[in-house]
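>>> Have a look; sequence and predicted model below, questions after that.
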Amino acid sequence: MADFEKLIQQEKEEAKKACEESGPDSAACAVGWDNVEELQAARAHAAKATKPNSLEQYCDANPDALECRVYDD
């Protein structure tokens with residue numbers, strides 16, 4: 001997650017610079033902020049993907065429970 005924070009901060013600085021140089025209504029400014037939004041979305045997705053749901057937590061604690069059985073076909 002620290003890598004995402006560093007990348008997001010870098011992209012924010014680049015977006016601000018692009019907006020200052022090209023103007024707030026320029027394509028370069030819009031692209032810069034789009035990049036920031038994409039990184040923020042990727043960070044949120046990565047955080048959600050790594051967090052186990054309640055059933056996974058239960059099965060980790062109780063692997064022999066009926067709810068946690070896995071059947072091979």
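Done, it's in.
>>> for the helix ranked longest in the chain, the distance to its chain's centre please.
Selection of the longest helix in the chain by residue count, based on DSSP state H, yields helix 27-50. The chain centroid and the centroid of helix 27-50 are separated by 7 Å, computed with CA atoms, centre = their mean, to the nearest Å.
>>> can you pull the buried residues of that helix?
Neighbour-count burial for helix 27-50, counted by 16 or more other CB atoms under 10 Å, picks out Cys29, Gly32, Trp33, Asn35, Val36, Leu39, Arg43. (Glycine included, C-beta is placed from N, CA and C.)
>>> how about low-confidence regions in this structure?
Applying pLDDT under 70 to the chain flags the ranges 1.
>>> If we use 90, what do you get?
Counting by pLDDT under 90, the chain shows low-confidence ranges at 1-4, 44-53, 70-73.
>>> which residue is nearest the middle of it?
The residue lying closest to the centre of the chain (CA atoms, centre = their mean) is Arg43, at 1.8 Å.
>>> In this structure it contacts Ala2, no?
No - between Arg43 and Ala2 there is no contact under CB atoms under 8 Å: 10.6 Å.
>>> re earlier: what's the longest helix of the chain packed up against?
Using 3 or more CB pairs under 8 Å, 6 or more residues apart in numbering; DSSP states H and E as the contact criterion, the secondary-structure elements in contact with helix 27-50 are helix 2-22.
>>> just checking, what packs against the helix it packs on?
Counting contacts by 3+ CB pairs under 8 Å, 6+ apart, helix 2-22 is packed against helix 27-50.
>>> buried stuff in the next helix or strand after the helix it packs on?
Along the chain past helix 27-50, the next helix or strand (assigned with DSSP states H and E) turns out to be helix 54-61. Within helix 54-61, the residues scored as buried using 16+ other CB under 10 Å are Cys59.
>>> Nothing else from me, thank you.
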